[in-house]
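Student: Fold the following and give me the result.
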Amino acid sequence: MKNDELYFLINHFLIMIRLVFRAVHARAAFAIVAVSVLSLNHAMAQSGGSTKPIFVGFEAGSGLTLWQHATSTYFSTVYPFPPGADTVQVPFHNGATPLFGFYAALAGDFYLDSHWSIMAKFAYAEWRGEWNSTEPVDFDTNGVAGTIPVTSDLTFLLRTLALEGFLKYRFDAMGGFYLGAGLDVRALAASHYDLQRTIEGGPANLSFVDFSTGRGTGIRSYTIGGEQPIASAVADVNVLAGIPIQLSDRWSLDPEVSFGLPLMSIWTSSKQAEYASTSYSHGTEPVVVTGILALRFRAQ
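Tutor: Coordinates of the predicted model:
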């Protein structure tokens, strides 16, 4: 592949990235382009214009999201009953159950020499978790006060798009086993939660009330969904490890595992302020372990 052809492909790739991240803050978009250009220019400079291996490929896998600060946390949700809805805070003192989410990426691996290379990925990843707890809730009916258990079960899905960059080292004596470390800029594209709440036991005439009227609705269990106030973009630190399985002279199948940790909060500043104003000192944050199967082709 000639240098002018390679530069055309690189510039086309950067244009695609800029279009995908149009919704991200200007500074984040600038960082994406700057890191990409500097990394790829460095790779070309190190190669001295000579032919170095370039691998391109597609990756698919699944990431297990572990949630930090997940014990004693809460989610704000909108109470569903008409004629007027209201916002309530649903506590979860049992922490989060990690869940798997889908992962896919396009990747390019640009060799600097026989051991070092720069790998760039454009990735889609889902971060998921489940919160479940039963909390005592006060009630007062006709002057009779008490507490009843209310069970809440919430699943949370956060969809993300990222440009990832890694500096990678390969150990030839270990069958090509490689380690990598790097950073990424990630757009938090969309979030969704599904919440089910159920009154467990207590007097049969107890039910959830309509906040606007204060009257019982007759409903002892309801399900509702919505969005959470997430930030538009974050930066992550990532490490990965993998080993190539050669299928032919040009094709390989690489099992990989990566570990990612956001360096910024996934929540908006207003949501962080809301946490700070309550007894919950931290909003829950994700740590993601991803298993990947990468199909790679040697383009040069």
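
Student: any idea how far residue 107 lies from residue 166?
Tutor: 9 Å (Cβ to Cβ, to the nearest Å). Yep, even glycine has a C-beta here, placed from its N, CA and C like the rest.

Student: quick one: low-confidence parts of the chain?
Tutor: Regions of the chain meeting the criterion pLDDT under 70 cover residues 1-50, 82-85, 279-281.

Student: anything in contact with each of residue 107 and residue 166?
Tutor: Shared contacts of residue 107 and residue 166 (Cβ atoms under 8 Å, 6 or more residues apart in numbering): 119, 120, 121.

Student: Please enumerate the strands of the chain.
Tutor: 54-68, 73-79, 86-92, 96-111, 116-141, 144-171, 177-199, 209-210, 215-216, 221-226, 233-242, 245-246, 251-262, 285-298 (DSSP state E).

Student: Of all the ones you listed, which one is nearest residue 269?
Tutor: Of all the strands of the chain, strand 233-242 sits nearest to residue 269, with 12.8 Å by Cβ to Cβ.

Student: Direction-wise, compare that closest one with strand 251-262 and give the angle.
Tutor: Orientation check (axes from the mean of the first three to the mean of the last three Cα atoms, to 10 degrees): strand 233-242 against strand 251-262 gives 140 degrees.

Student: what lines up beside strand 233-242 in the sheet?
Tutor: On the basis of DSSP bridges, the sheet neighbours of strand 233-242 come out as strand 177-199 (antiparallel), strand 251-262 (antiparallel).

Student: Quick one: the ones you listed as CSV, columns for distance to residue 230 and mean neighbour count too.
Tutor: CSV is the format used below for the strands paired with strand 233-242 (distance: least, Cβ to Cβ, whole Å; neighbours: other Cβ atoms under 10 Å):
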stretch, distance to residue 230, mean neighbour count
strand 177-199, 5, 19
strand 251-262, 11, 18
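
Student: Adding distance to residue 138, write these out as a markdown table.
Tutor: Compiled in a markdown table, the strands paired with strand 233-242 are given as follows (distance: least, Cβ to Cβ, whole Å):
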| stretch | distance to residue 138 |
| --- | --- |
| strand 177-199 | 13 |
| strand 251-262 | 37 |
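
Student: do you know which of those strands lies nearest residue 282?
Tutor: Residue 282 lies closest to strand 251-262 among the strands paired with strand 233-242, at 12.9 Å (Cβ to Cβ).
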